[in-house]
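**Student:** Take a look and give me a structure for this.
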Amino acid sequence: MKTIGRYVYCIMNGGGKSQSFGKIGLENNEVYTIHHKDISAVISKITFKEMQPDVDSIITHQKVVENSRNKGTTLPVRFGIMFKTDEGVKQLLVKSYDDFKSKMNKLHGKEEFGIKVVLEKPSMEKIKSMVLNSSQEAKKIKKEISKAGEGESYFLKMRMDESIKIETLKKIDEITSEIHSELSGIVSDSAVLKSDLQEIVLNTAYLIDKNEITKFIESVEKIKIQYKKHGLIIHQSGPWAPYSFC
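**Tutor:** Numbers count the residues shown, from 1 in each chain. A predicted model of the protein is given here:
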């Protein structure tokens, strides 16, 4: 016999009575709320098991969170959190009430946007070439190579390649730091996230007051133009629920 658990999608502002969002949850089950004081957990009943983060399940989770956002300030809960009973969910609300309320106060009226800066191989070579042309260390080693014998030249070239590699990485870090610093100056909060792909040289999330969204988007467009010469591809996503700030 299957055990039925309670899957938690998010915590939202507002309580007083249970609400139903309809059958939009995992396993096509009804999504409803359990409340404590003025906050509610948005949940649905599903088979109690270890959840696998497949694409369909993740999309369903996100859709429920987005539905909740339309009703009030929402704190997303990471994928896969389950309890055995409604009472277990209620105890979560009781124990974490102060923390949830503090986060809701911080996140009220704000949206999350994501920025990914992509540097593909041709653009990497472009920056490397710029560094090679401007590097004082590379110019010094080139002079030494012109005067060196065959054996010494080999090791000097290795030294120059390593020097250019280090300077290229420093240049990329300098560029991404400039981008992040410029955007961080106009937002409420920011977070640097892990990049799963080598080509993504900057992966960040920004928490933005709804009144500042237009200003943020305009700044991103200016940055796209400003850094186009370096071959950077800048992807903007959002608005999202504040996954990175919960």
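
**Student:** which secondary element of this structure has the worst mean pLDDT?
**Tutor:** helix 136-147 (a mean of 70; mean pLDDT, DSSP states H and E).

**Student:** If you count contacts, what does the helix or strand following it end up packed against?
**Tutor:** Counting by DSSP states H and E, the next helix or strand C-terminal to helix 136-147 is helix 150-184. Helix 150-184 sits against strand 110-118, helix 121-134, helix 136-147, strand 189-192, strand 200-209, helix 213-226, with contacts defined as 3 or more CB pairs under 8 Å, 6 or more residues apart in numbering; DSSP states H and E. C-beta here means a position set from N, CA and C on the backbone, and glycine is covered the same way.

**Student:** the inter-axis angle of the last one versus helix 150-184?
**Tutor:** Same thing as helix 213-226. Counting by axes from the mean of the first three to the mean of the last three CA atoms, to 10 degrees, helix 213-226 points 160 degrees away from the direction of helix 150-184.

**Student:** which residue is nearest the centroid of the chain?
**Tutor:** Geometric centre of the chain, nearest residue: Ala205, 4.6 Å, by CA atoms, centre = their mean.

**Student:** Can you tell me the SS state at the closest residue to that residue other than its chain neighbours?
**Tutor:** Leaving aside its chain neighbours, Ala205 sits nearest to Ser244 (3.7 Å; criterion: CB to CB, 6 or more residues apart in numbering). Following DSSP: H, G, I helix; E, B strand; the rest coil, the label given to Ser244 is helix.

**Student:** mind checking how far Ser244 is from Lys2?
**Tutor:** Distance, Ser244 to Lys2, using CB to CB, to the nearest Å: 35 Å.

**Student:** more neighbours, the two?
**Tutor:** Taking neighbours as other CB atoms under 10 Å, Ser244 and Lys2 compare with Ser244 leading, 18 against 8.

**Student:** sorry, back to before: the helices and strands packed on helix 150-184: lowest mean pLDDT?
**Tutor:** Among these, helix 136-147 has the lowest mean pLDDT, at a mean of 70.

**Student:** Identify the residues contacting Val201.
**Tutor:** Val201 sits next to Val117, Val118, Leu119, Ile172, Thr176, Ser195 when contact means CB atoms under 8 Å, 6 or more residues apart in numbering.

**Student:** what number of residues lie near the residue nearest to Gly80 when sequence neighbours are not counted?
**Tutor:** Nearest residue to Gly80 in three dimensions, chain neighbours excluded: Met51, at 4.0 Å (CB to CB, 6+ apart). If you count neighbours by other CB under 10 Å, Met51 ends up with 17.

**Student:** which residues does Met51 contact?
**Tutor:** Met51 neighbours (CB under 8 Å, 6+ apart): Tyr7, Ser57, Phe79, Gly80, Met82.

**Student:** which two from the residues you listed end up farthest apart in space?
**Tutor:** Ser57 and Met82 (12.3 Å; CB to CB).

**Student:** circling back: just the ones of the contacts of Met51 in helices?
**Tutor:** Per DSSP state H, helices hold the following members of those: Ser57.

**Student:** Which one of the contacts of Met51 sits in the busiest neighbourhood?
**Tutor:** Of the contacts of Met51, with other CB under 10 Å as the count, Tyr7 tops at 28 neighbours.
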